[in-house]
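# After the sequence you'll find the predicted model.
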Amino acid sequence: RASNKKTNETQNEAKQDKTVDEMDEGVMKYDCFHKEDTKVVSFAAIEKLLRARNSLKTLKLIDVYEHNNIGFGNVSQRIDNNMNANINSKHKVNFYITGSQTSSVSTESMNERHFSKVIDYDVAGNKLYCCGAVRASSESLTHAMIYELSDDIKCVVHVHQNG
């Protein structure tokens with residue numbers, strides 16, 4: 001039993017070290033608690049957001065840097081407050097957002113499985129809770145803070161110019 005405990009401690013340390021490395025590379029900037037659920041994001045719910053994302057991808061405002069292969073750009077859409085009533089969240093804003101590192105996905109392949117639903121977050125604690133087929137974008141907490149500025153904000157677009 002003692003050796004099992006030691007092995008588990010070593011594995012936990014390795015996971016922690018890996019997270020720090022990912023944070024240094026900009027892949028993960030928060031503690032993400034992701035529940036994999038392929039049915040939580042429907043095409044109907046994100047259809048307009050998907051079209052907007054694909055237009056930005058065509059313009060190369062959402063893409064991948066050639067020199068380091070890191071993706072950039074993401075889009076999100078506030079979930080109507082009436083829909084939020086069914087979500088047990090201490091925050092008022094829930095939203096759909098492109099998944100982490102989905103900038104390389106072609107416009108032909110991109111679909112609802114490349115989006116995540118943010119269901120809760122704690123900016124001060126640097127934590128995010130999401131569900132969907134993929135983890136939420138590493139910029140999700142930034143999107144959450146923008147949504148909290150006003151109920152009139154319905155979507156957030158974050159793009160870069162490649163070059």
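Sure thing, it's come through.

# And the helices in this structure, which stretches?
Using DSSP state H, the helices assigned to the chain run over residues 2-24, 43-58, 81-84, 140-149.

# Confidence-wise, which of those is weakest overall?
Note on these: lowest mean pLDDT is at helix 2-24, with a mean of 40.

# check contacts around Leu141.
Each residue near Leu141 by CB atoms under 8 Å, 6 or more residues apart in numbering is listed here: Lys29, Tyr30, Tyr121, Val123, Asn126, Leu128. Using the backbone N, CA and C atoms, a C-beta is placed for each residue, glycine as well.

# Buried ones from the residues you listed, can you make that a PyMOL selection?
Remark: buried members of the contacts of Leu141, expressed as a PyMOL selection using 16 or more other CB atoms under 10 Å:
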select buried, resi 29+30+121+128
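
# For Ile153, grab the count of nearby residues.
Ile153 is flanked by 15 other residues according to other CB atoms under 10 Å.

# residues contacting it?
Contacts for Ile153 (CB under 8 Å, 6+ apart) come out as Arg78, Ile146, Tyr147.

# Which of the residues you listed sits closest to Ala44?
The closest of the contacts of Ile153 to Ala44 turns out to be Arg78 (CB to CB; 15.9 Å).

# Tell me who's in contact with the closest one.
Here Arg78 is in contact with Val93, Asn94, Phe95, Tyr147, Ile153, Lys154, Cys155 (CB under 8 Å, 6+ apart).

# Show me what Phe95 is bridged to.
Arg78, Val118 (DSSP bridges).

# how much space between it and Ser109?
23 Å (CB to CB, to the nearest Å).

# ok, these two, which is more surrounded?
Between Phe95 and Ser109, counted using other CB under 10 Å, the more crowded position is Phe95 (26 against 10).

# and the spatially most central residue of the chain, what are its bridge partners?
Residue closest to the mean C-alpha point of the chain, counted by CA atoms, centre = their mean, is Ala136 at 1.7 Å. When assigned by DSSP bridges, Ala136 has beta-bridge partners Gly99.
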